[in-house]
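Asks: no sequence for this one, just the structure:
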């Protein structure tokens, strides 16, 4: 399990709705192998992951642990009978798939299974913009909206795991008559502000909006409303916003400004009153957040956590 | 510090905006002395607390630790230069009062200082309706609205502490033209749903509303909206609602029903889908939540927490 540099080697799986990215390494500067596979069926996709890890183990040596950051909903609670399962999902074939069980049959090492956003949060804590923090949020705004949280030194799971994309926001239908795209809630946060919502409302792909398009003022307001609710509920020391939409450079200053306006001086912390630019930030690991997050989960597996 | 029954004795301070309640004991069934004082100035009120504890120590023996659950905003972070202070508050005389410092001058024992709602949460975890849980919320709806959270086995502080009363809710002004009473946000959760908001909107004291008054449907909707946002952000295993308004018996079933409607099946947990009556509950400790919470904080002071 220790390679010729004396470092432990971990397996990382970033399981997304359209592709799986796998890597072997010990950190951002030591990725020894990487591969990606289309997300088809659990049997085929997890099969490809297993085959890749087995081939690479022959070359690089045994893995010490595996981190698996996966699209949700999923069951991350080791005490639950459905631990390691993807929970009922519209994605054909994946409902109740025991994806961790499939991996455990082939690899006798600790496996940490968590949401993609909790993985990304842990990656940012380990190597990105959340280093040294005790309590923060990683939010992704893209095809979907989701958030992971690290709270008082631990990844938050609670009842199952947060579903930060489904906050109920203020929706002024005179300014924005769009009904929203969430099949459960219509005009919740994800329903109003995800990539598909932007595209359906404005009949334009998100990457083709100019920065001065009126879409962005509305988008910044919805994101800022959600951030206010997170600040009031979870009191994060920082909020990191990633994802295809959330990472857009021109969006961040609008979100910072609008969040501060909405809090209106109520939370008496210099972090918000004076340093909002370092309070709401884009990810330090960019689009490697997911894969490195999975690697951080693997490392987390080997830590004794009381 | 050990009395003649062999148990440790703790000092408890429930610091409220209108009165302070102090007690000495070891738990709900062993309260040895209790006193209450009007909240006037920090010097006078904390002075009375000190005098009470000193007199009782002569009779009962030394205190092992003190728990102080206080109205906020306050600084509960032991690493901060203003630890133990009440932060800027409209309450005359209390802004930046070093209340823990005043106690430490007289008592050389561990003191845990936290919000009233974190105290109440810990009391419910120790002796009430949150026993055995890892992650839950205690919400009070009364003169003000505030929430405390216990997350993955720890009291949540984060940046400062949550301010759960200041969520931004959906406010349909056709149904409810009332502007709200929050001096910072107007129609945030506290602005729309606290006791003063009810009284100002309907020109009637909260205890005089009949259970079939239209106020309650509106109130249940606002509380339920907030609970949905807490569920999505923090994934609690249970939500306990106390306070003068929040404890009203006829309100709870409406809040349970409306919360489940708004979540609309999205969070796939039997706790919400099938057992909402034991998911959203009133406190197990009733109106002793605050004082017993302070006692639980004192006990917490002596625990080694990694």
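Replies: Arrived safely. These numbers come from a predicted model, not from an experiment.
Asks: residue ranges of the helices in the stretch 1-150 of chain A, please?
Replies: Per DSSP state H, counting those that start in this stretch, the stretch 1-150 of chain A carries helices over the ranges A:42-60, A:99-106, A:116-127.
Asks: Between these, which one is closest to residue B:200.
Replies: Counting by CB to CB, residue B:200 lies closest to helix A:116-127 out of these; the figure is 40.5 Å. Quick note: C-beta positions are derived from backbone N, CA and C, even for glycine.
Asks: circling back to that earlier point, so which of the helices of the stretch 1-150 of chain A is the most packed in?
Replies: Of all those, helix A:116-127 has the most neighbours on average by mean count of other CB atoms under 10 Å in any protein chain shown, namely a mean of 28.
Asks: Packing partners of that helix?
Replies: Applying 3 or more CB pairs under 8 Å, 6 or more residues apart in numbering or on different chains; DSSP states H and E, one finds that helix A:116-127 contacts strand A:10-15, strand A:65-70, strand A:136-141, strand A:145-151, strand A:154-155, strand A:239-242, helix A:289-301.
Asks: if we can go back for a sec, columns mean pLDDT on top of the helices of the stretch 1-150 of chain A, output as TSV?
Replies: Below are the helices of the stretch 1-150 of chain A laid out as TSV (pLDDT from 0 to 100):
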stretch	mean pLDDT
helix A:42-60	97
helix A:99-106	97
helix A:116-127	97
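Asks: could those helices go into TSV alongside distance to residue B:186?
Replies: Output for those, formatted as TSV (distance: least, CB to CB, whole Å):
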stretch	distance to residue B:186
helix A:42-60	50
helix A:99-106	47
helix A:116-127	32
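Asks: need the residues of the stretch 101-250 of chain A near chain B, please.
Replies: A:134-135, A:147, A:149, A:151-171, A:184-185, A:225, A:228-237 (CB under 8 Å from any CB of the partner chain).
Asks: will you turn the helices and strands packed on helix A:116-127 into CSV that also has mean neighbour count and mean pLDDT?
Replies: Below are the helices and strands packed on helix A:116-127 laid out as CSV (neighbours: other CB atoms under 10 Å in any protein chain shown; pLDDT from 0 to 100):
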stretch, mean neighbour count, mean pLDDT
strand A:10-15, 28, 97
strand A:65-70, 28, 97
strand A:136-141, 28, 98
strand A:145-151, 28, 98
strand A:154-155, 20, 96
strand A:239-242, 25, 98
helix A:289-301, 27, 94
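Asks: Can you tell me which of those is nearest to residue A:111?
Replies: Proximity to residue A:111, assessed across the helices and strands packed on helix A:116-127 by CB to CB, is greatest for strand A:65-70 (4.6 Å).
Asks: Need the residues that contact that closest one.
Replies: When contacts are defined by CB atoms under 8 Å, 6 or more residues apart in numbering or on different chains, strand A:65-70 is touched by residues A:8, A:10-15, A:53, A:86, A:99-100, A:103, A:107, A:109-116, A:118-120, A:290, A:293-302.
Asks: List the pairing partners of that strand within its sheet, with orientation.
Replies: Neighbouring strands of strand A:65-70 in its sheet, by DSSP bridges, are strand A:10-15 (parallel), strand A:111-115 (parallel).
Asks: out of those strands, nearest to residue B:129?
Replies: Comparing these against residue B:129 with CB to CB, the closest turns out to be strand A:111-115 (28.1 Å).
Asks: Show me how far stretch A:265-273 is from its chain's centre.
Replies: Stretch A:265-273 sits 26 Å away from the centroid of its parent chain (CA atoms, centre = their mean, to the nearest Å).
Asks: Tell me which residues are up against that stretch.
Replies: Here stretch A:265-273 makes contact (CB under 8 Å, 6+ apart) with A:231-232, A:237-238, A:260, A:263, A:278-279, B:73, B:87-88, B:159-160, B:163, B:166, B:184-185.
Asks: what do you get for stretch A:90-109?
Replies: With CB under 8 Å, 6+ apart, stretch A:90-109 has contacts from A:11, A:15, A:17, A:39, A:41-43, A:46, A:49-50, A:53-54, A:62-66, A:68, A:70-71, A:82-89, A:111, A:113.
Asks: Nearest to chain B: which residue in the stretch 201-306 of chain A?
Replies: residue A:235 (3.1 Å; CB to the nearest CB).
Asks: hang on, that residue packs against residue B:161?
Replies: Yes - with contact defined as CB atoms under 8 Å, residue A:235 counts as touching residue B:161 (5.8 Å).
Asks: Pick out whichever of these two has more residues nearby.
Replies: Taking other CB atoms under 10 Å in any protein chain shown, residue A:235 and residue B:161 do not tie; residue B:161 has more neighbours (26 against 21).
Asks: Can you give me the neighbour number for the residue nearest to that one when sequence neighbours are not counted?
Replies: Distances taken as CB to CB, 6 or more residues apart in numbering or on different chains place residue B:115 nearest to residue B:161, at 5.2 Å, with adjacent residues excluded. For residue B:115, the count of nearby residues is 26 (other CB under 10 Å).
Asks: residues contacting residue B:115?
Replies: Going by CB under 8 Å, 6+ apart, residue B:115 touches B:69, B:70, B:72, B:74, B:76, B:146, B:148, B:161.
Asks: Kindly report the same for residue A:112.
Replies: Contacts for residue A:112 (CB under 8 Å, 6+ apart) come out as A:65, A:66, A:67, A:68, A:297, A:298, A:300, A:301.
Asks: Residue A:102 versus the fourth one, what's the distance?
Replies: In other words, residue A:68. Residue A:68 sits at a distance of 11 Å from residue A:102 (criterion: CB to CB, to the nearest Å).
Asks: and the nearest residue to residue A:252 once chain neighbours are set aside, how far is that from residue B:203?
Replies: Excluding its sequence neighbours, the residue lying closest to residue A:252 (CB to CB, 6+ apart) is residue A:282, at 6.1 Å. From residue A:282 over to residue B:203 the distance is 49 Å, taken as CB to CB.
Asks: The two: who's more crowded?
Replies: Remark: of residue A:282 and residue B:203, residue A:282 carries more neighbours, 19 against 6, as counted by other CB under 10 Å.
Asks: ok so, going back, residue B:215 is nearest to which of the strands paired with strand A:65-70?
Replies: Nearest to residue B:215 among the strands paired with strand A:65-70 is strand A:111-115; the distance by CB to CB comes to 39.5 Å.
Asks: and the angle from the closest one to helix A:116-127?
Replies: For strand A:111-115 against helix A:116-127, the angle by axes from the mean of the first three to the mean of the last three CA atoms, to 10 degrees is 110 degrees.
Asks: between strand A:111-115 and helix A:99-106, how big is the angle?
Replies: For strand A:111-115 against helix A:99-106, the angle by the same axes, to 10 degrees is 160 degrees.
Asks: Figure out how far strand A:111-115 is from the centre of its chain.
Replies: Put simply, strand A:111-115 sits 12 Å off its chain's centre (CA atoms, centre = their mean).
Asks: just checking, which of the residues of the stretch 101-250 of chain A next to chain B belong to helices?
Replies: In helices, defined here by DSSP state H, the members of these are A:225, A:228, A:229, A:230, A:231, A:232, A:233, A:234.
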